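S.K.: sequence first, then the predicted structure:
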Amino acid sequence: MTEAEWLAGTNPPLMFKAIWRNISERKLRLFTCACCRRIWHVLSDHLTRPAVELAERLADGAGTEGDWDRVYSALISHASESPDLEPLQVSAALGAACSYLRRDYPRIITIGLRSACRAAAALAPETRAPVPPFSDQALHEEARQADLMRDVFGNPFRPVPCPPDWRTSTVMALAHGIYEDRAFDRMPILADALQDAGCDNDTVLDHCRGEGPHARGCWVVDSVLGRW
């Protein structure tokens, strides 16, 4: 995959295939969780939403492998028993919770991404009413996943470091708040603070001031916080 293809890509599994060997487990979990949060309206309160929330805690070093084992077993068992949309929910959540402990995690995550697209295309977000099969919604969801991939992983062909001078107390406080509160509406304020700190990198500033989407794991916020 070329840089131009990455920047314009709308095929998340293909993009994932190009980078999966060079990304951290934390970043991967946060990206897949962000994709699952886009289909929150079809995830179940009793199993798949808690699985995504556990994956987010695991990404930040909370939770235990015992927690993971229990959720993983419950997801596998539920997928084999449930009809209709439940397997799609479970597959998407499984992709989010997936750990490097599974040797076939790239396959699981690829299936999870596709399942999330199919789940998004199956029910209308506002009404949860079924939508016609083969609607454009699945393609729309793929494009939004690709946008999230660029938000979390940035441009792997042209990474941008964060010099220590940019990490003023104001910048750090804003970045922490954005991450902890999911307050991505503050991204333009972060851009202003970075600019005040001496940042003149258009890639960084444009990303903060752009329309998004943004998610936990956003490459600019992570770069400021020193997280990978």
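M.R.: Structure received. Residues are numbered from 1 along each chain as shown.

S.K.: the helix-or-strand element of the chain with minimal mean pLDDT packs against which elements?
M.R.: None of the helices or strands of the chain scores lower by mean pLDDT, DSSP states H and E than helix 86-97, at a mean of 72. Applying 3 or more C-beta pairs under 8 Å, 6 or more residues apart in numbering; DSSP states H and E, one finds that helix 86-97 contacts helix 25-38, helix 48-59, helix 65-81, helix 105-122. Glycine gets a C-beta too; all of them are placed from N, C-alpha and C.

S.K.: what's downstream of the longest one, the next helix or strand?
M.R.: Going down the chain from helix 105-122, the next helix or strand is helix 137-153, by DSSP states H and E.

S.K.: buried set for that following helix?
M.R.: Neighbour-count burial for helix 137-153, with 16 or more other C-beta atoms under 10 Å as criterion, is recorded at 137-138, 141-142, 144-153.

S.K.: how far off centre is it?
M.R.: How far helix 137-153 lies from its chain's middle: 9 Å, per C-alpha atoms, centre = their mean, to the nearest Å.

S.K.: in terms of helices and strands, where is the nearest residue to residue 167 once chain neighbours are set aside?
M.R.: Closest residue to residue 167 apart from its sequence neighbours, by C-beta to C-beta, 6 or more residues apart in numbering: residue 224 at 6.4 Å. In this structure, residue 224 is located in helix 219-225 according to DSSP H and E.

S.K.: mind listing what's buried in stretch 104-123?
M.R.: Neighbour counts using 16+ other C-beta under 10 Å place 105-106, 108-123 of stretch 104-123 among the buried residues.

S.K.: using CSV, write out every CA atom in it.
M.R.: What follows is stretch 104-123 as a C-alpha-only set of coordinates in CSV (Å, rounded to 0.1, in the frame of the first residue of the first chain):
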residue,chain,number,x,y,z
ASP,A,104,-4.9,-15.6,14.7
TYR,A,105,-5.9,-12.2,16.1
PRO,A,106,-5.5,-10.5,12.6
ARG,A,107,-8.2,-12.8,11.3
ILE,A,108,-10.5,-12.2,14.3
ILE,A,109,-10.1,-8.4,14.0
THR,A,110,-10.7,-8.4,10.3
ILE,A,111,-13.9,-10.4,10.8
GLY,A,112,-14.9,-8.1,13.6
LEU,A,113,-14.5,-5.0,11.4
ARG,A,114,-16.6,-6.5,8.7
SER,A,115,-19.2,-7.7,11.2
ALA,A,116,-19.5,-4.1,12.6
CYS,A,117,-20.2,-2.8,9.1
ARG,A,118,-22.9,-5.5,8.6
ALA,A,119,-24.4,-4.7,12.0
ALA,A,120,-24.4,-1.0,11.2
ALA,A,121,-26.2,-1.7,7.9
ALA,A,122,-28.8,-3.9,9.6
LEU,A,123,-30.5,-1.5,11.9
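
S.K.: average pLDDT for that stretch?
M.R.: Averaging pLDDT along stretch 104-123 yields 77.

S.K.: same check on stretch 173-186?
M.R.: Regarding stretch 173-186, the rounded mean pLDDT is 97.

S.K.: for residue 173, give me its contacts.
M.R.: By C-beta atoms under 8 Å, 6 or more residues apart in numbering, residue 173 lies in contact with nothing.
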